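>>> model this:
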Amino acid sequence: MRIKFLIAGLLGIASTTAFAQKYELSNAKETYDKYVALSKVKATYVEADKNLNAAKASIDKAATNTKTAELPQTYALKAAVYATYSMRDTVAAKTLPFFNTADEALKKAKELDTKGENKALILDAANNLAQYQLNRGVADFQHKQFDLAYKDFDYFHQLFPEDTTALYYSGLAAVAGTNYPAALTAYSKLLPLKFSKKETIYLDMSSIYLTQKDTVNSLKIATEGVEKFPSSSDLRRREIEISLQTGKGQEMVGKILAAISNDPKNKTLYYYAGLTYTTSGNNIGKELAGLKKTSKDVAAISAMQAKKDDYFAKAVEMYKKALDIDPQYYEANLNMGYAYIAPAIDMYNDANQLPASKQKEYTAAIAKTTAQAELAKPYLIKATELNPKSKDALVNLKNYYLVTKDTANANVTQKKIEALQ
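Numbering: from 1, shown residues only. Below you'll find the predicted structure:
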């Protein structure tokens, strides 16, 4: 009987000890859960704080007890409690120790919780730690500490890989800090996700590639962006510009004309077809100017001039179709005027190169120049009416007045240009 009594007594002591060991862990969980519930109502904030403090006291004891220290729940609770404390102040000296402790505990909790039994606690901790780093990243960004801001936002991203805010902010910080490879990595991860600013991301990525002089990938990402956002004028313009720079103008024209055949009422497509022809004409014009200075090969000069004129004629045709759809289309009016006035400027300059002995030829050339310039006038004026503060529109109009020898109006227009500056 005594033996049985002694054994029973020993068992009682053992169970009491085990209970004490488990008590702190279970109390930490219970009080933390109460904190979470009470913290959602302003009237119970004080009571919520008491429970959080109790949870911290218990989890600290559980974390130092050899029987509970290495349990997944202990690490998960410690991460959740300490992450919560890290959000209770804005002074880094006070909050950073809590953050670091929670960060280490969270890593260990994820490693040990193979069955996912503490998923909610781990998520609570991760949410608070991510918010902590987001706040810190915004502050670092505002202080122009872009490298630090990138690391802050990237920490957020590592916790929540699918969170678009984390990725977007990481990209912004990387760009601001000229860490272009990191920016491209962050932005590229956004493309498969649902994100409201995806159109901007395509354009930004194209710009980053251009900054690195990588026209191949810049064009590739711009083209992909146009396919996803066919109505984006910025992406369409970027695709055209790079295509022309890389000698793919004809390929670009083919794409736009194919798009027009599928959408013949799309004024923007006609405008961009015109812009492509105009840009090609300008590129030929640069070659032509150089040829005139270095060569007297009249046939070669004439052939190049004819090619340039053909591009501008095709541009006019496209702009006209855009204006047939929308007569108030500013960009189409502006470029239509330019497509007419550019050849007139060439004629004017060529006429003024004639020797004084060729007065008859000069008079005929000026008459032809004026006739060409008059074609541009209504579109040039319309462009300035639609956008009175457009320097491009005013410069084109001034050139019209110069070509037609209307010095008074040329001076008036010049004053308008200077007023903009």
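>>> By mean pLDDT, flag the weakest helix or strand of the chain.
helix 2-38 (a mean of 66; mean pLDDT, DSSP states H and E).
>>> Tell me which helix or strand comes right after that helix.
Using DSSP states H and E, the helix or strand that follows helix 2-38 in sequence is helix 45-64.
>>> Tell me the first helix or strand C-terminal of that following helix.
helix 72-86.
>>> What is that following helix packed up against?
In this structure, helix 72-86 makes packing contacts with helix 2-38, helix 45-64, helix 92-112, helix 119-142, judged by 3 or more Cβ pairs under 8 Å, 6 or more residues apart in numbering; DSSP states H and E. In this view, the C-beta of every residue, glycine as well, is placed from N, C-alpha and C.
>>> So which of those has the densest surroundings on average?
Mean neighbours per residue, mean count of other Cβ atoms under 10 Å, is largest over the helices and strands packed on helix 72-86 for helix 119-142, with a mean of 19.
>>> Going by neighbour count, which residues of the very next helix or strand once past it are buried?
Following helix 119-142 in sequence order, the next helix or strand is helix 146-159 (DSSP H and E). Neighbour-count burial for helix 146-159 flags Phe146, Leu148, Ala149, Tyr150, Lys151, Asp152, Phe153, Asp154, Tyr155, Phe156, His157, Leu159 (criterion: 16 or more other Cβ atoms under 10 Å).
>>> Next, the angle helix 119-142 makes with helix 146-159.
For helix 146-159 against helix 119-142, the angle by axes from the mean of the first three to the mean of the last three Cα atoms, to 10 degrees is 160 degrees.
>>> which phi and psi does Ala313 have?
phi -60, psi -40 (degrees, to the nearest 10).
>>> circling back to that earlier point, how about the helices and strands packed on helix 72-86 in CSV, adding distance to Gly281?
Shown next, in CSV, are the helices and strands packed on helix 72-86 (distance: least, Cβ to Cβ, whole Å):
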stretch, distance to Gly281
helix 2-38, 68
helix 45-64, 71
helix 92-112, 59
helix 119-142, 44
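>>> closest one to Ala166 among those helices?
helix 119-142 (7.3 Å; Cβ to Cβ).
>>> OK, contacts around Ala126?
By Cβ atoms under 8 Å, 6 or more residues apart in numbering, the residues touching Ala126 are Ala83, Leu106, Leu159, Phe160.
>>> could you check the distance from it over to Ala303?
69 Å (Cβ to Cβ, to the nearest Å).
>>> Could you report the pLDDT at the residue nearest to Asp154 when sequence neighbours are not counted?
Excluding the flanking residues, the one nearest Asp154 by Cβ to Cβ, 6 or more residues apart in numbering is Ser170, at 5.1 Å. You'll see Ser170 listed with a pLDDT of 96.
>>> Distance check, the residue lying closest to Asn282 once chain neighbours are set aside against Tyr272.
Spatially, and ignoring its direct neighbours in sequence, Asn282 is nearest to Ala342 (7.7 Å; Cβ to Cβ, 6+ apart). Ala342 sits at a distance of 18 Å from Tyr272 (criterion: Cβ to Cβ).
>>> Which one's more surrounded, the two?
Tyr272 (26 against 22; other Cβ atoms under 10 Å).
>>> For that one, which residues are in contact?
Arg236, Arg237, Ile240, Ile256.
>>> Helix or strand: which one has it?
helix 267-294.
>>> Tell me how far that helix lies from the chain's centre.
30 Å (Cα atoms, centre = their mean, to the nearest Å).
>>> average model confidence for it?
89.
>>> If we ignore the residues flanking it in sequence, what's nearest Asp234?
Using Cβ to Cβ, 6+ apart, the closest residue to Asp234 is Leu203 (5.5 Å).
>>> what comes up buried for the host helix or strand of that neighbour?
Assigned by DSSP H and E, Leu203 belongs to helix 198-211. Within helix 198-211, the residues that count as buried by 16+ other Cβ under 10 Å are Lys198, Glu199, Thr200, Ile201, Tyr202, Leu203, Asp204, Met205, Ser206, Ile208, Tyr209, Leu210.
>>> any idea how far the fourth one lies from Asn27?
This points to Ile201. Distance from Ile201 to Asn27, by Cβ to Cβ: 48 Å.
>>> ok, now which ones touch the residue nearest in space to the middle of the chain?
Centroid-nearest residue in the chain, with Cα atoms, centre = their mean: Ile201, separated by 3.6 Å. For Ile201, the contact set (Cβ under 8 Å, 6+ apart) comprises Tyr168, Gly171, Tyr187, Leu190, Leu191, Phe195.
>>> For Ile345, the count of nearby residues, please.
20.
>>> Let me see the contact set for the residue nearest to Asp234.
Contacts of Leu203 (Cβ under 8 Å, 6+ apart): Ala222, Gly225, Ser232, Asp234, Leu235, Arg238.
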